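[1] coords below, sequence missing:
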Ligand SMILES: [Zn+2]
């Protein structure tokens, strides 16, 4: 009888809950909207009811190892407090973990959503045979997670891995974090739309302007990507900028950490073909560590620096969250 764990991805838009067995098989997945407007107590209540229902359904078939929950924003590992979360307004300094544990009457593991996604790719995705990796998630913002020897690298308080706020332009576009010129301002879906609108306003992108001002189309980073694929030079220039900015950050990460693998995920990664060439050029230019460890330098060895796209899509965070209680119970078994 296989054991299983619950993984939760509590986003600002969607709440997703999965039951996953210890081999990584998805037993069940639920998706509902997060009714952020109804307040945090309502959202937490709905989430706990849903978790309870999934547990009740699967518990007769196997042992529950625990529940891992990925949340957007900066959390404190020790207190389970959410410090800052732009996607969950009004949740700042809210003792999320305590509230959930009170309702579920059991311990849960709270984790930053980007860290959970990195763990998912490490367990079952692009980095499944890799010990140490860093993942960047390019979505509305840019998240990051670092896994060292199979465990999330938390830093002192759980806030490590905020690679989305590494700088690529010292005097660049202001960022929600208080700094300016962060990679999030050049490689997120939000940034791609902003850069497209900037190009339109400057009169440099007539075809993008036509599409953006069309009556029935929502203008988003996917549309900019489609324009790039169709050969629009303004759209291509935007993705080149995305690639260069990413290349700067990935080169810095390689130089600092010398990890086995750097995984790029999130919605923007579907435009891989449009930004990856510029990214790889930049990495080669800026990272001597990469130049000495690139796969073509040391073919056939296991010790090459791999830069690749994520494989699990939006499920990475769910699988990663479910994996967290499994790691804890494995560690406990070893000490007994
Ligand atoms: Zn920032």
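    Yes, it's here. Nothing here was measured: the structure is a model prediction, and the numbers come from that model. Numbers count the residues shown, from 1 in each chain.
[2] for residue 174, see how far away residue 191 is.
    12 Å (Cβ to Cβ, to the nearest Å). C-beta coordinates here come from the backbone N, C-alpha and C atoms, glycine included.
[3] who touches both of the two?
    Residues touching both residue 191 and residue 174 (Cβ atoms under 8 Å, 6 or more residues apart in numbering) are residue 185.
[4] ok, those two, which is more surrounded?
    Applying other Cβ atoms under 10 Å to residue 191 and residue 174 shows that residue 191 carries more neighbours, namely 26 against 11.
[5] is it true that the more buried one touches residue 181?
    No. Between residue 191 and residue 181 there is no contact under Cβ atoms under 8 Å: 11.2 Å.
[6] now do the shared contacts for these two.
    residue 173.
[7] which residues in the stretch 101-250 of the chain form strands?
    Using DSSP state E, counting those that start in this stretch, the strands of the stretch 101-250 of the chain run over residues 108-112, 133-138, 142-148, 151-152.
[8] could you give the angle of the third one to strand 108-112?
    Here strand 142-148 points in a direction 120 degrees away from that of strand 108-112 (axes from the mean of the first three to the mean of the last three Cα atoms, to 10 degrees).
[9] helices or strands up against strand 142-148?
    Packed against strand 142-148 by the contact rule (3 or more Cβ pairs under 8 Å, 6 or more residues apart in numbering; DSSP states H and E) you find helix 113-124, strand 133-138.
[10] could I get the ones you listed as JSON lines with distance to residue 239, mean pLDDT and mean neighbour count?
    Below are these laid out as JSON lines (distance: least, Cβ to Cβ, whole Å; pLDDT from 0 to 100; neighbours: other Cβ atoms under 10 Å):
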{"stretch": "helix 113-124", "distance to residue 239": "22", "mean pLDDT": "97", "mean neighbour count": "29"}
{"stretch": "strand 133-138", "distance to residue 239": "12", "mean pLDDT": "97", "mean neighbour count": "28"}
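[11] now distance to residue 59 too, for these, in a markdown table please.
    Below are these laid out as a markdown table (distance: least, Cβ to Cβ, whole Å):
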| stretch | distance to residue 59 |
| --- | --- |
| helix 113-124 | 22 |
| strand 133-138 | 32 |
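[12] burial count for residue 2?
    By other Cβ under 10 Å, 11 other residues sit near residue 2.
[13] tell me the pLDDT at it?
    Residue 2 carries a pLDDT value of 84.
[14] ok, now which ones touch the residue nearest to it when sequence neighbours are not counted?
    What sits nearest to residue 2 in space, not counting adjacent residues and going by Cβ to Cβ, 6 or more residues apart in numbering, is residue 21, at 4.4 Å. Residues in contact with residue 21 (Cβ under 8 Å, 6+ apart) are 2, 3, 4, 27, 62.
[15] burial of the closest residue to residue 165 other than its chain neighbours, as a residue count?
    Leaving aside its sequence neighbours, residue 165 sits nearest to residue 182 (Cβ to Cβ, 6+ apart; 4.5 Å). Neighbour count for residue 182, taken as other Cβ under 10 Å: 29.
[16] so who does residue 182 touch?
    The contact partners of residue 182, by Cβ under 8 Å, 6+ apart, come to 142, 164, 165, 166, 167, 168, 172, 175.
[17] by neighbour count, which of the residues you listed wins?
    Ranked by the number of neighbours (other Cβ under 10 Å), the contacts of residue 182 place residue 142 first, at 30 neighbours.
[18] sorry, back to before: from the contacts of residue 182, which are also near the ion?
    Counting by Cβ under 5 Å from the ion, 165, 175 from the contacts of residue 182 sit close to the ion.
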